[in-house]
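Visitor: Have a look at this prediction, sequence included:
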Amino acid sequence: MREADLSRRRGAKSGFPVPQQTTGREVAKPIGVAEAGGFVPALDRLTVRQISYRYLSEEERIDIADLRRGGLSIRGVAAELGRAPSTVPRELRRNSRRDGTYRPFEAHRWAVHRRARRHRRRIDNNPALCELIAELLAQR
């Protein structure tokens with residue numbers, strides 16, 4: 001394959017058209033998804049990623065800190081957030097500093113770090129469980 005064909009293919013994959021002949025005035029502009037063969041542009045790095053409702057968001061952690069500093073009870077904070085009452089004390093217990101202060105941005109970083117860590121499966125940690133599962137599968 002010729003070098004010109006290779007560069008044209010690379011240009012199409014990157015989402016920027018490559019002109020057949022360059023006149024010096026042509027500027028490559030991003031083209032749409034359909035024209036680029038399914039190319040999706042990169043997301044903005046500063047946008048906030050939506051996480052599952054199962055986990056507290058950074059905004060909810062900020063609300064917890066603000067409402068608690070404002071003197072609202074734990075049940076009141078939970079009702080304000082629309083969460084179970086047990087969620088708020090669990091969050092405060094897990095992600096507060098040793099001196100008892102709760103800092104929402106720090107708490108969010110800690111929670112995200114724990115979530116991203118590789119967790120070993122129970123079957124990997126327990127050889128007896130592994131043998132039991134192997135026996136039960138052999139009976140099938």
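Guide: Happy to help now that I have it.

Visitor: which intervals of the chain have sub-threshold pLDDT?
Guide: 1-51, 117 (pLDDT under 70).

Visitor: Residue ranges of each domain in it, please.
Guide: Annotated domains of the chain cover 1-42, 58-116 [automatic domain parsing].

Visitor: what about A111, is that helix, strand or coil?
Guide: helix (DSSP: H, G, I helix; E, B strand; the rest coil).

Visitor: For the nearest residue to it once chain neighbours are set aside, list the residues it contacts.
Guide: Closest residue in space to A111, ignoring its immediate chain neighbours: N95 at 6.1 Å, by CB to CB, 6 or more residues apart in numbering. Placement of C-beta: from N, CA and C, glycine included. By CB atoms under 8 Å, 6 or more residues apart in numbering, the residues touching N95 are 61, 102, 106-107, 110-111.

Visitor: Just the buried subset of these, please.
Guide: 61, 102, 107, 111 (16 or more other CB atoms under 10 Å).

Visitor: Turn those residues into a markdown table, including secondary structure and distance to R120.
Guide: Converted to a markdown table, those look like this (DSSP: H, G, I helix; E, B strand; the rest coil; distance: CB to CB, whole Å):
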| residue | secondary structure | distance to R120 |
| --- | --- | --- |
| R61 | helix | 27 |
| Y102 | coil | 30 |
| A107 | helix | 25 |
| A111 | helix | 19 |
